[in-house]
Structure formats: structure tokens, C-alpha cells
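can't give you the sequence, but here's the structure:
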């Protein structure tokens, strides 16, 4: 008698989806891993691609290559359009379907413009490799256009960079752009002084890095201001167009705006008509299943769960990986006729880079700042990269930036000099 393996479908090859796949190794299952992109992306370093510090190939890996030795895993390059829970089918946008016994939704998040989706064309966000290369082009083209601009006011607008949102991504972007303008680019141009570029970080809340301790937040702000970033707090952006932003009733002319202020979950809640918060995150049960659907799990940025000492689990990579491990353990336990229990998040610390020699780390009782925090930040990120080649490549790139203030990935792609920027 032949026993059909349990069919597990995992939607999303991010940190949570990959961790689930890895942890199911050896279990009596057949896995179908679906993603609308063919690569796994190390999102914590995405801003370094946007700021020309790293190449795209240094922080992304083809999913098929990662799964090459897992014969029970089938990888599909496809876009999911919905879920038919009654028939246990994942719906693909080309009209095809993928059956499942257990479904894991690890579909991530997208940009949220708080009801102003029209702002996206002027202030792109940073979630994908395409976003990163687009932003890299915007940033580098801004200096190139300024080099050719004769009008002082227009030149000033070209050399003004606005980042909306002072969470880790906003802080890291602002600090790196400022250091690029002050340390990397000055000798490359003849008609402009890149050190006069303005980098303006706008935050509606009262401080930068709101998820960190107050003293680390204050240190981060002081460090940003020391390297030339203008930090604006307590001011919400009320308008964005192709020529700049409006905040606090005043207009700032700028040609490069970057959105780092908010995210919205994938439409997983809509697919299942499941309860969700204002950001679209599914409110899952304590075992990470969708209410009313014990055969469907949701993890990562897709979900909202108060499993961190009664607080919401943060939308960071370690949390997604822990959730992926819990889901895999739960699936294996169920196949043995056992139960796993509730998910509990263990926080290992928060990290944010401010500049090439500055960072802050919050381990709870232990808080670090400055150069030593930067080294720990770097070592931690290199450790979690996949493969020795990528670790060595990133380490060498960072050491070169640290020693020589040079960023080797300053390539303008996706168009020619005739494209209006």
C-alpha cells in the first residue's frame, strides 16, 4: 500500500518561507514553494544596494539553487492571486491551481502610503531588488543632473534628498546618502560640491528609531546630525509631488524622495476573509493558524500576533525565521499525531546602522553604540548571509568602504542619460 506524502504549499520564499522549508527536511511531506520572484532576498541589506554599497548579487540567491538538493521540494515561479480554502487550492494568476493539505502563507508586506497611493510615483519605497536599483538610479542621477544644471535653485533641488520615516530603514538610508555625498563623491565632480547636498529625514513621531531605547534613539539622532543629516521630528508629510514635499505647512523643493514610513501586509487576509488590523496583517491564532482554518498558517510581515510577552511580534527577519521554525515543528508534530502548542517569540536584539562606522544595538539590558556596535552589526549580518562567497564579498566591500570611503556599485542602470530624472 502506497502512502501519499502530505502536501505542504508555502507561498513566499522570504525568511519565514525558507525557514519553514529548511526545517521540514526529512519529514514525510512534498513541498511546493511558490514565489513571484525567482530569488530569496536578504532585505536587511537592501538599502546598501540602493546606496551603491553592495551589488544585487551579493544579497540575493536563486531559490531553485537553494533547493537544488531537496528532491521533495518543487519551486514555482508564479504569482498567487487567491486561496480557495474550501477546496484546498492555491489560485495562480494564470488560472492554474496548486492543491495542498497544509498551506503556509509567508507573503510579506508592501509599501503603505496611508491613503495617498499617488505619492508612490514620486517617493518610491524599498522592498525589492527592483526598488533598490530604481532608488540607486534616482540618487546617482540626481548628482549627474546637478552637475549639468546652471540654475542655482534647480541645482539645489537636485541635490536635496528627502527620506520620509525615521525607522531603521530611513535612518540607514539617510546616514549612507549623507556619507556618500561627503566622503565618496567629492572628487568625482567638477561643477558641484557634493558635500553641500542636503539629506532631510522627516518623521511624524517624536524621535528616530522609535523601537529602540530612548538613549539609543537620542544617540542615533545626534550621530545623524553630526554627519550632515537634517532631522525633522513631529512633522507629518502632507503632500508629495515631482518637485518636493510639504510638511509642517512648509514646502521643501527636492527631486529625490524616498518613502520609509510605513508598510501594508500582503492581501492574505483578503484571500481568506480573515480578521486583520489596519495595516492588513492577519490576526492569527496563538499557533499561527488562520482563525477557522487550522490547515492554513500565516507568518512574517503577513501577521499580527501578541507573542512577545504580550506585545506584538516585530516585523523583522529573526521573528519570521522563528515563526517558520514553529510552523515546521507544528506540521511534523501533527503528522506524528501530536500537538505543538503556542508560538512564543524570543527577541535577540534590535540593530541599526547609522553610518559606516556607527551603529546602535539594543539587546535589552545591554545597549551598545558607536564603532563597536557597527562591528557587531556587520558580523551579525555577514553571519546570516547564505554561502561563503557572499560572506567574503560583502565583508570585502564593507572593509573597502571603511578604509577608502569608496562604493564600487555606483552603476546607473535602467535607462540612459536622456531619461528625465
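Cool, got the structure. Everything numeric here is computed off the predicted structure, so don't read it as measured data. Residues are numbered from 1 along each chain as shown.

List the contacts of the nearest residue to residue 13 once chain neighbours are set aside.
Spatial nearest neighbour of residue 13, excluding adjacent residues (CB to CB, 6 or more residues apart in numbering): residue 35 at 4.0 Å. Using the backbone N, CA and C atoms, a C-beta is placed for each residue, glycine as well. Listed by CB atoms under 8 Å, 6 or more residues apart in numbering, the contact partners of residue 35 are 11-13, 17, 63, 75-78.

how about a cut-off of 10 Å?
Listed by CB atoms under 10 Å, 6 or more residues apart in numbering, the contact set of residue 35 reads 10-14, 17-18, 41, 63, 75-80, 106-108.

do the same with residue 334
Contact analysis of residue 334 by CB under 10 Å, 6+ apart lists 6, 102, 294-295, 340.

buried residues in stretch 371-381?
Neighbour counts over stretch 371-381 (16 or more other CB atoms under 10 Å) mark 373-374, 376-378, 381 as buried.

Name the surrounding residues that touch the lowest-mean-pLDDT helix or strand in the chain.
In the chain, no helix or strand scores lower on mean pLDDT, DSSP states H and E than helix 388-404, which sits at a mean of 83. Here helix 388-404 makes contact (CB under 10 Å, 6+ apart) with 42, 45, 48, 52-55, 57-61, 176, 179-180, 183-184, 356-357, 371, 374-375, 378-379, 381-385, 387, 406-409.

Take these and keep only those in strands.
Counting by DSSP state E, these place 60-61 in strands.

so of the contacts of helix 388-404, which ones are in helices?
Taking DSSP state H as the definition of helices, those contribute 48, 176, 179, 371, 374-375, 378-379, 381-384.

between these, which is nearest residue 318?
residue 384 (8.8 Å; CB to CB).

which residues sit in contact with that closest one?
Residue 384 sits next to 15, 42, 44-45, 317-318, 321, 391 when contact means CB under 10 Å, 6+ apart.

Could you list every helix and strand that the helix or strand residue 144 falls within packs against?
Per DSSP states H and E: residue 144 is located in helix 129-148. Packing partners of helix 129-148 (3 or more CB pairs under 10 Å, 6 or more residues apart in numbering; DSSP states H and E): strand 39-41, helix 46-50, helix 152-158, strand 160-164, helix 168-179, strand 256-259.

Swap in 6 Å and give it another go.
Packing contacts for helix 129-148, counted by 3 or more CB pairs under 6 Å, 6 or more residues apart in numbering; DSSP states H and E, involve helix 46-50, helix 152-158.

out of those helices, which comes closest to residue 133?
Closest to residue 133 of those, according to CB to CB: helix 46-50, at 6.9 Å.

how close does residue 85 get to residue 359?
44 Å (CB to CB, to the nearest Å).

So this structure: which segments form each domain?
With domains defined by the TED database, the chain comprises 6-36+78-111+263-336, 117-261.

Any chance of CSV for those domains, columns mean pLDDT and distance to residue 398?
Formatted as CSV, the domains of the chain follow (pLDDT from 0 to 100; distance: least, CB to CB, whole Å):
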stretch, mean pLDDT, distance to residue 398
domain 6-36+78-111+263-336, 96, 19
domain 117-261, 96, 12
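
Relative to residue 349, which of those domains is closest?
The nearest among those, by CB to CB, is domain 6-36+78-111+263-336 at 8.6 Å.

Straight-line length of stretch 11-26, end to end?
End-to-end span of stretch 11-26 (CA to CA, to the nearest Å): 20 Å.

my bad, stretch 164-173
With CA to CA as the measure, the first residue of stretch 164-173 is 10 Å from its last.

contacts for that stretch?
With contact meaning CB atoms under 6 Å, 6 or more residues apart in numbering, stretch 164-173 is reached by 47, 163, 201-203, 208-209, 237, 259-261, 352-353.

any idea how far residue 359 is from the nearest residue in space to residue 51 that is not next to it in sequence?
In space, and not counting its chain neighbours, residue 51 is closest to residue 176: 4.1 Å by CB to CB, 6+ apart. Applying CB to CB, the value for residue 176 to residue 359 is 12 Å.
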